[in-house]
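**Q** whatever this is, show me its structure:
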Amino acid sequence: MNPLGEAPQSPAAVERAAGSTPGGAGGLTVTAASLEDWHQVAGWAAEEGWNPGRGDVACFHPTDPAGFFIGRLGDRTLSAVSIVNYSEQYAFLGYYLVHPDHRRQGLGLATWRAAFPHAGTRTVGLDAVPEQQPTYMRAGFKSANDTLRYGGRPERSTAPVPDVVPVTAAHVDAIAAYDRQCFPADRRAFVARWLTAAGHVAYARLREGHLSGYGVIRPARDGHRIGPLFADTPEDAEALFDALTAHLGPEDEVSIDIPEPQHAAGALATARGLEARSHTVRMYTGPVPEIRAERTFGVTTLELG
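**A** Residues are numbered from 1 along each chain as shown. As a prediction, the model looks like this:
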C-alpha cells in the first residue's frame, strides 16, 4: 500500500533512481527498526489516513522484528517499509512511507532497495492504491483482486446471537488452525497476540463444539476496525459481525476490508448500514497463495496481510 507517490521498482531501477536524484538518497542509512521507531512510522500512517489500530505496533513488530526498516539521514528518520516474513514461502510488504517533507528525493526507493532482499525468494504480497498499480506491475507484482473498505455506523441486530462466545485461551489452538486455512502461512504467534491485545474484542462461533469462524474488532485512530472476519458461511459471518459490534455506541463507526468478489460479505456490510468508501488492490510477486477465500468476509489488515 503506497499513497505517497513512491513505488517499488526492480533492484536495478531502484539503484539508478536513487543514485541519480540530486541531493537525494546519498547518505541514507537503512536499518532494522525498533519497536519505538515503529510507533513513529505508525503516526505517519495515521496522518496519511490509513486509520491504523491503536495497538497495532505491539502486535505487528514481534511477528518479524528484522522485517521492519527505517531510513535515516543523520539522526532524522525519513522513510520506512516493512517486509514481514511469515514462512519460508510467504512475506508481506507494507508501510512504504516517506516523510512528507522529504519525498521525491529517492529516499523511498533507496529504502526499498535495502529492505526488499529480506524477503529472499518468498512470494511477496502487498495492498496497493489503484493509482500505483501499474508501477507495482512493472516491478513484477501481479494483481489478484480488489479489496473494498466498507465503513459507517453499523445497524445492530436486536436478535440474540446463537453459538457465539468470547474467545479465551482455550480457543487459541483451534483458531490458529482455522486461520491457517484462510491465510497463506501459519501465524499462530501473531494470532495469539491479536486475539488478546488490549482493546481487542474477539469472538468465535461454535456449532456443536466445532469452530465455524472467528472475528476481531479493535479500536482505531477513528472508530473501530473489524479484521479478520473468517467464517464458514454467511450466517456464521453475520452472527460474528453482530457480536463484534454489539458493544459499540450509536455514534461509533466501524470499517472492514472485504476482498472481491466476496459478494456475501459485501451484502452483509451493506445490510448492516456500511458503505464502500475506498479500495486497494492485492498483488503478489509469485503465484497467488491457495487459501479458503470463500471464508474471508474481512481481511485482518492491509498493513500485514
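**Q** rest of the way, CA atoms for contacts and neighbours
**A** OK.
**Q** okay, strands next: where are they in the stretch 1-150 of the chain?
**A** Along the stretch 1-150 of the chain, counting by DSSP state E, counting those that start in this stretch, strands occupy 29-32, 68-73, 76-85, 90-98, 123-128, 142-152.
**Q** tell me the mean pLDDT for the first one?
**A** Along strand 29-32, the predicted local confidence has a mean pLDDT of 95.
**Q** which elements pack onto it?
**A** Using 3 or more C-alpha pairs under 8 Å, 6 or more residues apart in numbering; DSSP states H and E, the elements in contact with strand 29-32 are strand 68-73, helix 107-115.
**Q** for R207, which non-adjacent residue is closest in space?
**A** D163 (6.3 Å; C-alpha to C-alpha, 6 or more residues apart in numbering).
**Q** hang on, that neighbour packs against H210?
**A** No. Look at D163 against H210 with C-alpha atoms under 8 Å: they stay out of range, at 10.1 Å.
**Q** which one's more surrounded, those two?
**A** D163 (16 against 9; other C-alpha atoms under 10 Å).
**Q** keeping just the C-alphas, turn stretch 234-244 into PDB.
**A** What follows is stretch 234-244, C-alpha atoms only, in PDB (Å, rounded to 0.1, in the frame of the first residue of the first chain):
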ATOM      1  CA  PRO A 234     -22.700 -16.000   5.500                       C
ATOM      2  CA  GLU A 235     -24.800 -17.000   8.500                       C
ATOM      3  CA  ASP A 236     -21.700 -17.600  10.700                       C
ATOM      4  CA  ALA A 237     -20.200 -14.300   9.500                       C
ATOM      5  CA  GLU A 238     -23.400 -12.400  10.300                       C
ATOM      6  CA  ALA A 239     -23.600 -13.800  13.800                       C
ATOM      7  CA  LEU A 240     -19.900 -12.900  14.400                       C
ATOM      8  CA  PHE A 241     -20.400  -9.400  13.000                       C
ATOM      9  CA  ASP A 242     -23.400  -8.700  15.300                       C
ATOM     10  CA  ALA A 243     -21.500 -10.000  18.300                       C
ATOM     11  CA  LEU A 244     -18.400  -7.900  17.500                       C
END
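**Q** show me what that stretch is in contact with.
**A** 156-157, 161-162, 164, 201-205, 212-217, 229-231, 264-265, 268, 297 (C-alpha atoms under 8 Å, 6 or more residues apart in numbering).
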